[in-house]
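# Can you look at this prediction? I've put the sequence above it.
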Amino acid sequence: MLLDELAAVSRRTAHETRRRLKIAALADCLRRLAPDEIEAGVAFLSGELRQPKLGVGPAAVIGARPGSVAAQPALTVKQVDEALDRIAQVSGRGAIEQRKHSLSQLLERATAAEQEFLIHLLLGELRQGALAGLMVEAIAAAAQVSAASVRRATMLAGRLGPVAHAALGEGAAALGRFSLTLFQPVLPMLATPAQDMDDALAQLGEAALEWKLDGARVQVHKSADEVRVYTRGLNDVTAAVPEIVEAVDRSPARELILDGESIALRPDGGPHPFQVTMRRFGRRLDVDALRGELPLSVFFFDCLRCDRQDLLDQSAAARFAALAEAMPAALLVPRVVTADAATAHDFLREAIARGHEGVMAKSLQSVYEAGSRGSAWLKIKQAHTLDLVVLAAEWGSGRRRGWLSNLHLGARDPRSGEFVMLGKTFKGMTDEMLAWQTAKLKELEVGRDRWAVQVRPELVVEIAVNEIQASSQYPGGMALRFARVKRYRPDKRPEDADTIDAVRALFESQAQPSRRK
């Protein structure tokens, strides 16, 4: 397929507001892709690259734009993907200039419209509203299979490309081959905010309550003597966290896939701030020295595989039982099973008193829905917190002059793929955070005026709010009240941010008294 055809579909999808017609346009495009173009085509239509890291920054992308354009479309999707593969593989001395030169050569072969598409794609600025949820439905429509089967296969594969290739090439039978596989991490199951403990118990009845630790989500795979550790973004960080490897290696089970939280604890047992824990995940050198200075603890709360038994479709109660058999109690997150409000509130107070974020409430009957944020897992915190995306930032004044300070915050709309602005905040920021975010937001800049810098919606920040209130000022009809920054979440992608639906559910729950059984 010519890149020009795919770019035209992208533009049409961006301007189409009806979900049904978006899906139809995408599905038609997917059907016309050659088998060896499918994975790249799905990535491009999702506004992403197939290559994990290209090694070309925004300035280099803009600087690589040539002074000429091709007269007629000739580039194919496959040719572009192969060129990007070659650019990503460049290394060594002078690699940056060589990548920039190769990118410029690629752009010279593109028409003006294709250049615009490629530059926006490389900058992460394609806002055609074809996020993962929409692409799942488009793949299902193109292959004439159920969206549920595509969704499950994607959860297990961790990526859309291979699933689309299998579905379009072989149909539903091929999707059945995607299974829980050791050393192929799956997307983590996610939680939805509850208004409070009473609200959580009203929704779930008897539930498993767990301390909500303010650490780094980890998924650990074991097969015989090999143990590997993955982040919530499915990155392999085994070399950086030997304590976790050693802890799981001691388990008598030969095969394990565990879900848990890694956290750095102070000598008194209280948690270090999240940013301190994350220092361990960014280092590949001097791990032993940093381990001595900042040791990690790990606490597991779920078991997806134990020996040769896959547990994804087992109830949470069954998975918890398997976890307790496989790992010692000292490595399990504190948990109580109850429907009693007094017991639940005592458990929450203890978690807060120990310095933790709050409590998770989990349905005992729920299966593990990899990559899904549903109502089977609820999070209860002292203050409501939301994971939002930075859309822009205003320049500070007074002692904050020269720093980007007031953040514009948005929640993800799962239907359009856009981000809906909910408000602004400049509260909760240390000088260190202001300096860091100013540098980071400049890297993500896509435009500016006298007052603010607009950025690519890539940076996720955790925001604490007292409440959500009705507002005609913002397009979502809601605004954040007393919002303040808790921390940045470099471990989360924009698609992991809270949706506008989750914010609206929280807003609506505030208008009702807590429901009790």
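Great, that's in hand. As the structure is a prediction and not an experimental result, all values here were calculated from the model. Numbers count the residues shown, from 1 in each chain.

# Could you list the low-pLDDT ranges of the protein?
For the chain, the stretches with pLDDT under 70 are 127-132, 283-284, 510-517.

# Break it down into its structural domains.
If you go by automatic domain parsing, the domain ranges for the chain are 3-175, 190-381, 384-510.

# Adding distance to Thr181, write those domains out as CSV.
For glycine as for every other residue, the C-beta is placed from the backbone atoms N, C-alpha and C. Output for these, formatted as CSV (distance: least, CB to CB, whole Å):
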stretch, distance to Thr181
domain 3-175, 8
domain 190-381, 9
domain 384-510, 22
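
# between the ones you listed, which one is nearest to Phe183?
Judged by CB to CB, the one of the domains of the chain that comes nearest to Phe183 is domain 190-381, at 5.2 Å.

# what about that closest one, start to end distance?
Distance between the two ends of domain 190-381: 15 Å, counting by CA to CA, to the nearest Å.

# can you pull the contacts of Thr17?
Shown in contact with Thr17 (CB atoms under 8 Å, 6 or more residues apart in numbering): Ser416.

# now it: how far from Ser416?
Counting by CB to CB, to the nearest Å, the separation of Thr17 from Ser416 is 8 Å.

# just Gln469 next, same as before
23 Å.

# OK, contacts around Val297?
Val isn't right for residue 297; it's Ser. Contacts of Ser297 (CB under 8 Å, 6+ apart): 243, 262-265.

# One more: Asp214?
Applying CB under 8 Å, 6+ apart, the residues near Asp214 are 263, 271, 273-274, 277, 356-357.

# does Lys212 really touch Lys379, like I thought?
Yes: judged on CB atoms under 8 Å, Lys212 makes contact with Lys379 at a distance of 6.0 Å.

# Show me the common contact partners of those two, please.
358-360.

# related to what we said a few turns ago, nearest to Pro52 among the contacts of Ser297?
For those, the nearest to Pro52 is Ser262 (22.4 Å; CB to CB).

# Could you please name the strands the host helix or strand of that closest one pairs with and the direction of each pair?
If you go by DSSP states H and E, Ser262 is part of strand 255-264. Strand 255-264 sits in its sheet next to strand 216-223 (antiparallel), strand 296-306 (antiparallel), going by DSSP bridges.

# Could you point out the helix or strand that follows that strand?
Next element after strand 255-264 (DSSP H and E): helix 274-278.

# So Leu234: helix, strand or coil?
coil (DSSP: H, G, I helix; E, B strand; the rest coil).

# ok, now which ones touch it?
Contacts were defined as CB under 8 Å, 6+ apart; by that measure Leu234 touches 158, 185, 187, 219.

# ok, now with 7 Å
158, 185 (CB atoms under 7 Å, 6 or more residues apart in numbering).

# And it, how far from Ala479?
Taking CB to CB, one finds Leu234 at 34 Å from Ala479.

# Buried residues in stretch 395-412, which are they?
395-396, 400, 403-412 (16 or more other CB atoms under 10 Å).

# scratch that, stretch 453-463 is what I was asking about
453-457, 459-463.

# From the residues you listed, pick the one nearest Arg228.
Val460 (25.2 Å).

# And for Gly410, nearest residue in space, chain neighbours not counted?
Closest residue in space to Gly410, ignoring its immediate chain neighbours: Phe419 at 3.4 Å, by CB to CB, 6 or more residues apart in numbering.

# Which neighbouring elements make contact with the one helix or strand Leu106 maps to?
Secondary structure assigned from DSSP H and E places Leu106 in helix 95-108. Applying 3 or more CB pairs under 7 Å, 6 or more residues apart in numbering; DSSP states H and E, one finds that helix 95-108 makes contact with helix 58-63, helix 77-89.

# Check which element follows it along the chain.
Going down the chain from helix 95-108, the next helix or strand is helix 112-122, by DSSP H and E.
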